[in-house]
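1. requesting a structural model of the entry that follows:
(chains A and B)
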Protein chains: 2
Amino acid sequence: MKVYLAGPEVFLPDAVEVGQRKRELCRRYGFEGLYPLDNEIEPDADEPLCRSIFTGNVNMIRMAGALIANLTPFRGVSADVGTVFELGFAFALGKPVIGYSNINTDLYKRVLDFLKDGKTRLRSDGRIFGVDNFAIENFNLSDNLMIVEALVASGHDIFFPDAPIADTWHDLSAFESCLSWLAAARRGQSMRVATGL
Amino acid sequence: MKVYLAGPEVFLPDAVEVGQRKRELCRRYGFEGLYPLDNEIEPDADEPLCRSIFTGNVNMIRMAGALIANLTPFRGVSADVGTVFELGFAFALGKPVIGYSNINTDLYKRVLDFLKDGKTRLRSDGRIFGVDNFAIENFNLSDNLMIVEALVASGHDIFFPDAPIADTWHDLSAFESCLSWLAAARRGQSMRVATGL
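-> Residues are numbered from 1 along each chain as shown, chains lettered A, B, ... in the order given. So this is what the prediction gives:
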């Protein structure tokens, strides 16, 4: 089965090498990893590069039987938005979506850190507001509920590293947990969203 | 036609009132607005609230013929991730996705502001890196290319207010531009993704 590998590591200086390591791990678990940078873009005078990348990624997700997303918070409180777009896209197509994060904290805590002032206000409707006067999701989830519940609907909450890790952007132990779970699910143990398997 | 109204205004203190104003504008353009909070959640002992909200939103998007997203940057450099998930979800189902932002700046500039140090490094592969040692997308786009190109594939780039606005989170002029464009597209002028219309 082909597995699309979504995540912000495409922005790393060693993006190509990280992709090679991820694909090698996929092979060990019986999968073929599809990495956004595999998508060889031919310079095309008729189309801007960003359009070719978009079309290439979308087509790779269509070809894949599942998606594994690196949801480690990226330049803000939440996962990378490009990754989240791809997660929603794959989920709508009925493909199982599996996710991991190398930072094991609640969204609630990260928002308070982002606001730099932990002052909150409880309103009569039960919602908690930050100093920016926006409500803060407080469901004990690792990220926005649309992200986490899509993972849960596919059969498993977000994966975190089992032990402390040395490098947030290069450690692949939680990614490997996703592969291990997906391989077991494929053998018929726990996958709820069965399309594409 | 039903139109799903995605956006982080559900986190505003007056989220309900903003939804009412958006639905009223929808009616004026011949649409029925579906707002996340319309989804009346019955407390259910068998299911956590976050799951009921997720299922409700996903079902409303399935019922809608199009989606209009408020992509104004929210708590970070990019659009709200819940909104972006819904955008990817709707786009995969072949529904036209239309988006607006009340902050008219490039993603590139916002990332440099976020990093608080405008120093960049051009690598031999042509990519520009910020001080966080991640590449910065530099396609003159208002947000991550997956977001903007999904809009373009539906027929129109992101909408911004035509004139300076007084209130980033309550001004609906750019939202109204989306409605006006969608109404014209529905009359057969410019919609590329035709499913659901």
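
2. for the closest residue to chain B within chain A, give the beta-bridge partners.
-> The nearest approach of chain A to chain B comes at residue A:76, 2.7 Å away (CB to the nearest CB). To be clear about C-beta, it is placed using only N, CA and C from the backbone, and glycine gets the same treatment. Under DSSP bridges, the beta-bridge partners of residue A:76 are residue B:76.

3. give me the neighbour count for it.
-> Using other CB atoms under 10 Å in any protein chain shown, the number of residues around residue A:76 comes to 19.

4. and the end-to-end length of stretch A:45-52?
-> 11 Å (CA to CA, to the nearest Å).

5. buried residues of that stretch, list them for me.
-> Buried residues in stretch A:45-52, defined by neighbour count with 16 or more other CB atoms under 10 Å in any protein chain shown: A:50-52.

6. just the pLDDT for the residue lying closest to residue A:139 once chain neighbours are set aside.
-> Leaving aside its chain neighbours, residue A:139 sits nearest to residue B:50 (4.2 Å; criterion: CB to CB, 6 or more residues apart in numbering or on different chains). Note on residue B:50: pLDDT of 94.

7. now the angle from the helix or strand harbouring residue A:85 to helix B:81-92?
-> Per DSSP states H and E, residue A:85 falls inside helix A:81-92. With axes from the mean of the first three to the mean of the last three CA atoms, to 10 degrees defining the directions, helix A:81-92 sits at 50 degrees from helix B:81-92.

8. what's downstream of helix A:81-92, the next helix or strand?
-> Next along from helix A:81-92, by DSSP H and E: strand A:97-100.

9. so how far is that next one off the chain centroid?
-> Relative to the chain's own centre, strand A:97-100 is displaced by 6 Å; criterion: CA atoms, centre = their mean, to the nearest Å.

10. which element is the spatially closest residue to residue A:54 that is not a sequence neighbour on?
-> Leaving out its chain neighbours, the residue that sits closest to residue A:54 by CB to CB, 6+ apart is residue B:149, at 3.6 Å. Using DSSP H and E, residue B:149 sits in helix B:145-154.

11. helix or strand right after that helix?
-> If you walk from helix B:145-154 toward the C-terminus, the next helix or strand you reach (DSSP H and E) is helix B:173-186.

12. for that next one, buried residues please.
-> By neighbour count on 16+ other CB under 10 Å, the buried set for helix B:173-186 is B:174-179, B:181-183, B:185-186.

13. now the angle from that helix to helix B:145-154?
-> Interaxial angle, helix B:173-186 versus helix B:145-154 (the same axes, to 10 degrees): 40 degrees.

14. same for helix B:173-186, what does it pack against?
-> Other helices and strands packing on helix B:173-186, by 3 or more CB pairs under 8 Å, 6 or more residues apart in numbering or on different chains; DSSP states H and E, are helix B:15-28, strand B:66-70, strand B:97-100.

15. okay, which residue is most central for chain A?
-> The centroid of chain A falls nearest to residue A:69 when counting by CA atoms, centre = their mean (2.6 Å).

16. look up how far residue A:33 lies from that residue.
-> Using CB to CB, to the nearest Å, residue A:69 is found at 13 Å from residue A:33.

17. for residue A:173, same thing?
-> Residue A:173 is 16 Å from residue A:33, where distance means CB to CB.

18. cool, and residue A:111?
-> The spacing between residue A:111 and residue A:33, counted by CB to CB, is 32 Å.

19. just residue A:130 next, same as before
-> As judged by CB to CB, residue A:130 and residue A:33 stand 38 Å apart.

20. can you check residue A:164 too?
-> Counting by CB to CB, the gap from residue A:164 to residue A:33 is 26 Å.

21. the more surrounded of the two?
-> residue A:33 (22 against 7).

22. give me the element the more buried one is part of.
-> strand A:32-34.

23. hmm, who's touching that strand?
-> With CB atoms under 8 Å, 6 or more residues apart in numbering or on different chains as the test, strand A:32-34 has contacts from A:1-5, A:19, A:22-23, A:25-27, A:60, A:63-64.

24. can you list the strands that that strand pairs with?
-> Partners of strand A:32-34 in its sheet, by DSSP bridges: strand A:2-6 (parallel).

25. not counting sequence-adjacent ones, nearest residue to residue A:118?
-> Closest to residue A:118 by CB to CB, 6+ apart is residue A:112, at 4.7 Å.

26. so which residue of chain A lies furthest out from the middle?
-> Distance from the C-alpha centroid of chain A peaks at residue A:124, with 34.3 Å (CA atoms, centre = their mean).

27. wait, a helix at it?
-> No: counting by DSSP: H, G, I helix; E, B strand; the rest coil, residue A:124 is not found in a helix; it is coil.

28. phi and psi next, for it.
-> phi -60, psi -20 (degrees, to the nearest 10).

29. contacting residues around residue A:21?
-> With CB under 8 Å, 6+ apart, residue A:21 has these contacts: residue A:172.

30. if you set the cut-off to 10 Å instead, what comes out?
-> Residue A:21 sits next to A:9, A:14, A:33, A:170, A:172, A:175 when contact means CB atoms under 10 Å, 6 or more residues apart in numbering or on different chains.

31. do residue A:165 as well
-> Listed by CB under 10 Å, 6+ apart, the contact partners of residue A:165 are A:102-104, A:171-174.
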